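Enquirer: No letters, just coordinates:
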């Protein structure tokens, strides 16, 4: 059974500018390689993504091509940097655009992200990782993702301004190394379990959903329910 | 296969004072009854629980008897009221006391709450449910719990002071009814899946843990690893 | 003594699309009119503002023209909508761009926003106002603003999806009306007090700052210290 | 003009157990000494304080004697440790008990904490200081306190478990030293300004309050409005 992971590196910095968050993502995806998980990483900031809460804003909106990958993945990892103690604006924008998925379902009437497994990667020069992780994992769970134990890995320095992940040698930080490995293993374990034993569509389908009737659902959505 | 759920109603109010959070918990446990999940609800505030971060503070500490139930349950639900926009002091105290579980493992070297499924119930007269839910579900995931999709249910009124759940008729609120049902079903689904297919102890065991060696582990802990 | 207020309506919606947050801002600015406070409201989303954490990102960046108004105002109000329980991406982006002000000072060596008074306006169809307000007011205080008592006003509906401010008649909500008035009055009171009695530059100036030496400061900044 | 500061060290540890938060508080109060601010520090955990949201829970409740000091102080500093990424249970309990002050007013009809200035001191072995500070300063502002710029000081170590303030030598950390000094100076500056120029009772008094009529107010409250 092959698993696929999509990693959204929600750094503020466009490619090919060095990204500290990418440094930690690389450790996570290194574990994915060992575990046989096929993965792709992209930076939303490299795309033209208007602010909004629907899945296609029209006129050059490039979110739909990212959304298609989100919906196809077994594992969804959101990477982000901390700014002002909370998750940055790009990761918030990405979560907002995922709001559009509430208007569609999977083939059995659940939100389309059911049976996807979520995880987060956070870096910052200091304080704020818990806030980023808790908000993002909760939002993912609301959107339909399952969250395994220890689904987050982060690196932050001590109080106040200072060097970030790459410069600080965060890749050698024992706690960050441990949590990166735990997170990679646990999202993989749970994705494998849920692929073989999905959450049954009992007591958790969208009200009014009918197997043969997709009226009311947004059929523009890539990957959504198409009846 | 029988599942068991423990609900900690972290209201500030001692029994038998009416608890709004209990009102919403009752809806959740009603679903547990339908789903064949055996359940128990208790209020930590009815016990003598000193502030602290270890599993036994000695001298009349009644936390160990609650902890024993926590460790025995397949499903752990934390119920709480909102105060000042965040989770209340009793729920925070309970999470702090769970810190002690980090010093023990289950039989295969993972944190003892691995393969337990977590959920939350939140009530308040207004605003703050997301903050309560996100912090608590994240803490539970750190402690080892798995979080299914839509693992929270809450009721809050609109902006500002106003009636709470019972007085406001929150039990008839469609969104709260829906999320209570989704949450109860999803924690049950995931608990059943994980009971049959536990998260394997690969890449997620406590560093230094050995199957035959429990030195360094706190053997006073009820339900913890005992070699 | 004339006071000026700048209101940044950080809605996701470009003009002239109706904005619920603007509905509540209008109540606040109505009080400013009564109090003789000159005010301007703009929507950052109407401008070309790249993601970033410096004050001028070059190449068509229109943030500098907003920043100039921020630095000139006695009162700075951030308006925002709630998405996924927290402040939206546009308001986060605006706060991130304000990070650039840390590289400059006012004429006496303090951060340039010292003696500016901050407040917030939040709307959402449900839950999340406290999270938006607390994060934003704290960030503003870090940037140098002073925060008076009751510096926030918000409107949210009860749990779950539902109508937003305009449709729900939020303008007639007693709590929201009261807090809008309190907030408008208190930012005005404190701005007036601080204009006459500024926070003295004792124990709070940027390390290394010298009255005659602006080396090391970013002299591209509008309104910043220019020696 | 003499100013007084009350510091509530909301550590989980009873006296005389060493408190990391006290270590940082000592730096702050050292500045108060230099600035001529009279100060007192106490640990709420040393008192018998039942959970609740009114000012006197009866039967041995010792909160009223702390509340009396809170209401008498010009400056109110809340010190706290981080647990699980957020403020600890004792600080949450203290804020909850302050809810009772909403039922009283000062002599001019404002909440009793108007013209008190708030600040926070946070320590933890890692991540979470922003969350603690933002929630607490916001709560204090809701209760009536004014918040000066840079009203927080904190120390945290880098990601993961590790030594706390005392053991880690946090008292020599440049950022923490700087922010402790800024905070102490700014709460003092603003308290002095507000003592000479209080926030006028215009547009911010409790609805229904009458100078000669205290019916409806809780006259058991120490320091509250007594007509």
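Expert: Perfect, I can see it now. As the structure is a computational prediction, the values presented were derived from the model and not from experiment.

Enquirer: Residue A:193 and residue B:190 touch, don't they?
Expert: No: judged on Cβ atoms under 8 Å, residue A:193 makes no contact with residue B:190 at a distance of 9.4 Å. For the C-beta atoms, the positions are set from N, CA and C on the backbone; glycine is no exception.

Enquirer: Would you mind telling me which of those two has more residues around it?
Expert: residue B:190 (28 against 22; other Cβ atoms under 10 Å in any protein chain shown).

Enquirer: Now that one. Nearest residue, chain neighbours left out?
Expert: residue B:148 (4.0 Å; Cβ to Cβ, 6 or more residues apart in numbering or on different chains).

Enquirer: how close does the one you found sit to chain C?
Expert: Going from residue B:148 to chain C by Cβ to the nearest Cβ, to the nearest Å gives 18 Å.

Enquirer: and the gap between that residue and residue C:195?
Expert: 54 Å (Cβ to Cβ, to the nearest Å).

Enquirer: So for these two, which sits in the more crowded spot?
Expert: The neighbour comparison of residue B:148 against residue C:195 (other Cβ under 10 Å) goes to residue B:148, with 29 against 14.

Enquirer: OK, contacts around that one?
Expert: Residues in contact with residue B:148 (Cβ atoms under 8 Å, 6 or more residues apart in numbering or on different chains) are A:141, A:146, A:199, B:117, B:119, B:186-187, B:189-190.

Enquirer: again with residue A:88
Expert: Counted by Cβ under 8 Å, 6+ apart, residue A:88 has contacts A:10-12, A:80-82, C:51, C:92, C:96.

Enquirer: Specify the local secondary structure of the closest residue to it other than its chain neighbours.
Expert: Distance criterion Cβ to Cβ, 6+ apart; nearest residue to residue A:88, sequence neighbours excluded, is residue A:81 at 5.2 Å. Three-state assignment for residue A:81 (DSSP: H, G, I helix; E, B strand; the rest coil): strand.

Enquirer: Helices of chain A, start to end?
Expert: Along chain A, the segments classed as helices by DSSP state H run A:20-35, A:63-72, A:89-98, A:129-143, A:165-168, A:174-196.

Enquirer: Tell me which of those sits nearest to residue C:135.
Expert: helix A:129-143 (8.5 Å; Cβ to Cβ).

Enquirer: could you say what helices and strands the closest one packs with?
Expert: With contacts taken as 3 or more Cβ pairs under 8 Å, 6 or more residues apart in numbering or on different chains; DSSP states H and E, helix A:129-143 sits against strand A:75-83, strand A:86-87, helix A:89-98, strand A:117-124, strand A:152-156, helix B:129-143, strand B:152-156, helix D:129-143.

Enquirer: Please repeat the previous calculation with a cut-off of 7 Å.
Expert: Judged by 3 or more Cβ pairs under 7 Å, 6 or more residues apart in numbering or on different chains; DSSP states H and E, helix A:129-143 is in contact with strand A:75-83, strand A:86-87, helix A:89-98, strand A:117-124, strand A:152-156, helix B:129-143, helix D:129-143.

Enquirer: and of these, who's closest to residue C:17?
Expert: Comparing those under Cβ to Cβ, the one sitting nearest is helix A:89-98, at 15.7 Å.

Enquirer: Is there proximity between that closest one and chain B?
Expert: No: with Cβ under 7 Å from any Cβ of the partner chain as the criterion, chain B is not reached by helix A:89-98; the gap is at least 12.2 Å.

Enquirer: chain center to that helix: distance?
Expert: The chain centroid and the centroid of helix A:89-98 are separated by 10 Å, computed with Cα atoms, centre = their mean, to the nearest Å.

Enquirer: and residue A:210, what pLDDT?
Expert: At residue A:210, the pLDDT value in this model is 86.

Enquirer: Counting neighbours, what do you get for it?
Expert: With other Cβ under 10 Å as criterion, residue A:210 counts 11.

Enquirer: re the thing from before, between the contacts of residue A:88, which sits nearest residue C:157?
Expert: Of the contacts of residue A:88, the one sitting nearest to residue C:157 (Cβ to Cβ) turns out to be residue C:92, at 22.9 Å.

Enquirer: so who does the closest one touch?
Expert: Residue C:92 is in contact with A:88-89, A:92, counting by Cβ atoms under 7 Å, 6 or more residues apart in numbering or on different chains.

Enquirer: Test my guess that residue A:185 contacts residue B:200.
Expert: No: using Cβ atoms under 7 Å, residue A:185 is not in contact with residue B:200, being 8.7 Å away.

Enquirer: Name the residue in these two with the higher neighbour count.
Expert: The residue with more neighbours, out of residue A:185 and residue B:200, is residue A:185; 23 against 14, by other Cβ under 10 Å.
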